[in-house]
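Engineer: coords below, sequence missing:
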């Protein structure tokens, strides 16, 4: 009886290992799906060809598809890709950072600013939204009586082009 158990276990273990290995390979060779954790290498460009960000030469970007960690168009572009596959996609404004919103450009009287603040155009300042969430704004104009800040993302209102290579699917 003990011999049979040993033989049976001996026959099952290689099968279990083969299945476990098969699952791992199947995931690596499969296509990226919602909920997968993926690693990608990317270069982001504007329509004029200028590069605004890249992961080339750094660690690959890791995120979960569909978890809201990426702009919608980037998530959508990675769906269905295979490990090792590369593609170039154009992501329209609506699936990137949205349209530039005029209501997010705010004029603040200097009297409401700390006296120690010496704002300059291009400077980024931390602010708090009405709901308590922190936001970084960019100073776009400075006068003797006020400053103008923009809370839009710097890529709002722009179509984006991404070169994406899927490195791994976990």
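Structural biologist: Arrived safely. These figures come from a predicted structure and were not determined experimentally.
Engineer: alpha carbons only for contacts and neighbour counts from here, please
Structural biologist: Will do.
Engineer: how much space between residue 65 and residue 109?
Structural biologist: 43 Å (CA to CA, to the nearest Å).
Engineer: Who has more neighbours out of those two?
Structural biologist: residue 65 (21 against 13; other CA atoms under 10 Å).
Engineer: List the residues that contact the more buried one.
Structural biologist: By CA atoms under 8 Å, 6 or more residues apart in numbering, the contact list for residue 65 reads 33, 34, 35, 36, 37, 38, 75, 78, 79.
Engineer: Quick check: of those residues, which lies closest to residue 169?
Structural biologist: residue 38 (4.5 Å; CA to CA).
Engineer: Who does the closest one form a beta bridge with?
Structural biologist: With DSSP bridges as the criterion, residue 38 is bridged to residue 63, residue 169.
Engineer: Check the gap between it and residue 70 for me.
Structural biologist: For residue 38 relative to residue 70 (CA to CA), the value is 12 Å.
Engineer: Compare neighbour counts for those two and give me the winner.
Structural biologist: residue 38 (20 against 14).
Engineer: Hmm, the more buried one is touching residue 167, no?
Structural biologist: Yes. The pair residue 38 and residue 167 passes the contact test of CA atoms under 8 Å, sitting 7.5 Å apart.
Engineer: just so I have it, where are all the strands in the protein?
Structural biologist: 37-46, 51-54, 61-64, 86-91, 105-109, 124-128, 134-142, 146-150, 160-169 (DSSP state E).
Engineer: Run the angle between the first one and strand 86-91 for me.
Structural biologist: Using axes from the mean of the first three to the mean of the last three CA atoms, to 10 degrees, the direction of strand 37-46 lies 60 degrees away from that of strand 86-91.
Engineer: Excluding chain neighbours, what is closest to the residue nearest the centre of the chain?
Structural biologist: By CA atoms, centre = their mean, the chain has its centre lying nearest to residue 70, at 3.4 Å. Excluding its sequence neighbours, the residue lying closest to residue 70 (CA to CA, 6 or more residues apart in numbering) is residue 63, at 7.7 Å.
Engineer: and the nearest residue to residue 40 once chain neighbours are set aside, how many residues sit next to it?
Structural biologist: Excluding the flanking residues, the one nearest residue 40 by CA to CA, 6+ apart is residue 166, at 4.6 Å. The tally of other residues near residue 166 (other CA under 10 Å) stands at 22.
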